[in-house]
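Asker: Show me the folded form of this:
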Amino acid sequence: MIVRVLRARMAVPALILLALVVLCAILAPVVAPDDPNAQDLLTRLRPPGWTGGHLLGTDNLGRDVLSRLIYGARISLFVGLAVALISGTIGAVIGIVAGYRGGWADRVLMRLADVQLAFPSILLALAVVAFLGNGLWVVIIVLGVTNWVSYARVTRSSVLSLRERDFVLEARAIGVGPATIMRRHLLPNVFAPLITIAALNVASAIVVESALSFLGLGVPAEIPTWGSMLADGQLYLGTSWWIAVFPGLALMLTALSINITGDAIRDAVDPRAYRR
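Answerer: Below you'll find the predicted structure:
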């Protein structure tokens, strides 16, 4: 599968860019040139350049934009991965139970998914965060419990075709319990498409977290994020464009890289279904 992913025309540049973002996030204390929260009003709104030690310039409080970008990558990637893990776990469990058990369990769980889809996830996240207050884990939990439907639907569709396969019927015939069948026989066979959905979900979670931070409902203000950097720079677009442009580019390129990688994984998992 790795070879198939690397054969995709845009996958290699996307993977390289994504690897650079991940490395910068992991090695932020080593790579970042300055403390992301260190203020120096004497150097505020300094433009990008090699002079002055601020490669990407400084913001309205004299903080180094490059350092804040690097530390902001930590938050964005952590939120995206955590949300994908929570959503994937909830969705996989609901989808397997609905697809294997069928009957009333399937009807109830799928109607619950329909109710979830009736509420736009971003508006639901805004309402819950505004009610509970901002915070990193609040954002992660809210986004995690509002993005499980796609996992559940894909898992249910796969399980509906798998539950009548010979290996499942044989396990049932020798007395293997439903919980064991779902865990040991069905889950491994639906894992590949879930990985594809998770890759796309990471990108969407990063964008939504940035939107919440832009509105002041994301993580606390003392933690640098790309969304909060965009919010800080919106008032200076006409004079100090770099404050908002660089985090916007980082957000766009990271989300694009994850989406391209997700598409490549999808094609590698089932190349016949997505042949162009």
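Asker: how about the host helix or strand of V108: buried residues?
Answerer: Here V108, judged by DSSP states H and E, is contained in helix 103-118. For helix 103-118, a neighbour-count test (16 or more other Cβ atoms under 10 Å) marks 106, 109-110, 113, 116 as buried. (C-beta placed from N, C-alpha, C; glycine too.)
Asker: which residue ranges form the helices in the protein?
Answerer: In the chain, the helices defined using DSSP state H lie at 2-7, 11-26, 28-31, 65-101, 103-118, 121-132, 136-145, 149-162, 166-173, 178-180, 187-214, 226-233, 242-269.
Asker: The fourth one vs helix 187-214, what angle?
Answerer: Okay, so that is helix 65-101. If you take axes from the mean of the first three to the mean of the last three Cα atoms, to 10 degrees, helix 65-101 sits at 140 degrees to helix 187-214.
Asker: Tell me which other helices or strands helix 65-101 touches.
Answerer: Contacts defined by 3 or more Cβ pairs under 8 Å, 6 or more residues apart in numbering; DSSP states H and E place helix 65-101 against helix 11-26, helix 28-31, helix 103-118, helix 136-145, helix 149-162, helix 187-214, helix 226-233, helix 242-269.
Asker: mind checking how far the fourth one is from the chain centre?
Answerer: Averaging C-alpha coordinates over helix 136-145 and over its chain gives two centres that are 12 Å apart (Cα atoms, centre = their mean, to the nearest Å).
Asker: Go through it and flag the buried ones.
Answerer: 136, 138-145.
Asker: was I right about R74 contacting A28?
Answerer: Yes: counting by Cβ atoms under 8 Å, R74 touches A28, with 5.7 Å between them.
Asker: how close does the residue nearest the centre of the chain sit to A113?
Answerer: By Cα atoms, centre = their mean, the chain has its centre lying nearest to V202, at 1.7 Å. Applying Cβ to Cβ, to the nearest Å, the value for V202 to A113 is 21 Å.
Asker: With I122 instead?
Answerer: For I122, the distance to A113 - Cβ to Cβ - is 18 Å.
Asker: Next: I26.
Answerer: Distance, I26 to A113, by Cβ to Cβ: 36 Å.
Asker: cool, and V245?
Answerer: Counting by Cβ to Cβ - V245 and A113 are separated by 39 Å.
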